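In: mind looking at a prediction? Sequence and model below.
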Amino acid sequence: MTQIKYFVGIDIASRTFTAAAGAMPWKVICTPQEFENEEDGFQVFVNWLIQHQLQADHTIICMEATGVYGECLAYFLHVKGYPVCVEPPLKVKRAFKPNGPKTDAVDSLQIAEYAGRYFDQLTWWQPNSDVLEQIKVLLATREQFVVQRTTHKNALQAIQRKVVKTPFAEQAHLQMMEQLKKQIHAIEQEIRRLIESDSTFKPMLLLLLSIPGVGFLLAAHLIVLSQVSLNSRQIASYLGVAPNEYSSGSSVYKHATSRHFGPQTIRKLLYLAACSVRTHRSEFRTYFQRKTAEGKSARLVLNNIENKLLKIICAV
């Protein structure tokens, strides 16, 4: 990449997006302009960039992570050769004082200025492989179906406890639960097929399944996660299981603790893996018994086992 001179900020909405550009030391090069958030609008936007001499070899385009709203534009710009970075909205928000109006035009200028000020900390966007993208969607869909099945199960238990029975409602819930069960199984089979059809992911799956406590679903989530990082400490922090120090000066001090939140599905699967090795693997069972005998809480020791498993997983 040649010398970067210009920074373009894009504020994404569902139907439109607003773009502005500037240079460091900060000055506005192009005032905010609105475009349609569709393929024709993408081409108009690229023509606008070229018109203002914002060529791909010395321009960075920055946008906030907005899920599917900005995905098509990111793919389009990547094909055109523009370096794209996608930043968490909270990071951009914290870079500026909450003063003045909040509009799409103001946001696009702030995103552009943020890209210039924090150029060395930007996260470069790269498109995932088609297989990985499908696996991510299927894992999310499976979890949605699992939640729906649990909802129907709870509703069925509630109406079964009523004095006045409603057989039609009970049957409706039972049918939905059975249908969701079949769909969940079909999704799992498709995830396995996709992984085994890929020359990179298949050996990763086999290696992960060789680790004690790691089942197919956890392995699939870990394959997705491994595309972001293979550092066990970073993954543990992302999942919310890494113990972090809490202190300030000489008077404020707490024992290191994890933040207790993170991606719910993989946290649950990792916890179940820790429970499994605690029960079935002698080295983990001995460790658990020794630490609980020392007065440590069972949940704390299981959290430690989760971290040990992540170190093994990343090493493998």
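Out: That came through, no problem. Residues are numbered from 1 along each chain as shown.
In: gap between the two ends of stretch 198-217?
Out: 17 Å (CA to CA, to the nearest Å).
In: need the helices for the stretch 201-316 of the chain, in chain order.
Out: 201-209, 216-226, 232-239, 264-280, 282-293, 298-315 (DSSP state H, counting those that start in this stretch).
In: pull out the buried positions in the fourth one.
Out: When you say that, I think you mean helix 264-280. Across helix 264-280, burial judged by 16 or more other CB atoms under 10 Å covers 265, 266, 267, 269, 270, 271, 273, 274, 275, 276, 277, 278. (Glycine included, C-beta is placed from N, CA and C.)
In: could you redo those residues as a markdown table and give each row pLDDT and distance to residue 229?
Out: Converted to a markdown table, the buried residues of helix 264-280 look like this (pLDDT from 0 to 100; distance: CB to CB, whole Å):
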| residue | pLDDT | distance to residue 229 |
| --- | --- | --- |
| 265 | 91 | 18 |
| 266 | 92 | 13 |
| 267 | 92 | 16 |
| 269 | 94 | 18 |
| 270 | 94 | 15 |
| 271 | 94 | 20 |
| 273 | 95 | 19 |
| 274 | 95 | 20 |
| 275 | 95 | 25 |
| 276 | 95 | 24 |
| 277 | 95 | 23 |
| 278 | 95 | 26 |
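In: out of those, flag the one nearest to residue 103.
Out: Residue 103 has its nearest neighbour among the buried residues of helix 264-280 in residue 265, at 36.6 Å by CB to CB.
In: would you check that the closest one makes contact with residue 139?
Out: Yes. Between residue 265 and residue 139 there is a contact at 7.5 Å, judged by CB atoms under 8 Å.
In: residues shared between the contacts of the two?
Out: residue 221 (CB atoms under 8 Å, 6 or more residues apart in numbering).
In: nearest to residue 59, of the helices of the stretch 201-316 of the chain?
Out: The nearest among those, by CB to CB, is helix 232-239 at 29.8 Å.
In: tell me what angle that closest one forms with helix 298-315.
Out: In terms of direction (axes from the mean of the first three to the mean of the last three CA atoms, to 10 degrees), helix 232-239 departs from helix 298-315 by 130 degrees.
In: now name the helix or strand holding residue 11.
Out: Using DSSP states H and E, residue 11 maps to strand 6-12.
In: same question but for residue 116, I mixed them up
Out: helix 104-117.
In: helices or strands up against that helix?
Out: Under the contact definition 3 or more CB pairs under 8 Å, 6 or more residues apart in numbering; DSSP states H and E, helix 104-117 sits against strand 6-12, strand 16-23, strand 27-36, strand 59-64, strand 84-87, helix 89-94.
In: distance to residue 291 added to these, as a markdown table?
Out: Formatted as a markdown table, the helices and strands packed on helix 104-117 follow (distance: least, CB to CB, whole Å):
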| stretch | distance to residue 291 |
| --- | --- |
| strand 6-12 | 48 |
| strand 16-23 | 53 |
| strand 27-36 | 57 |
| strand 59-64 | 43 |
| strand 84-87 | 40 |
| helix 89-94 | 36 |
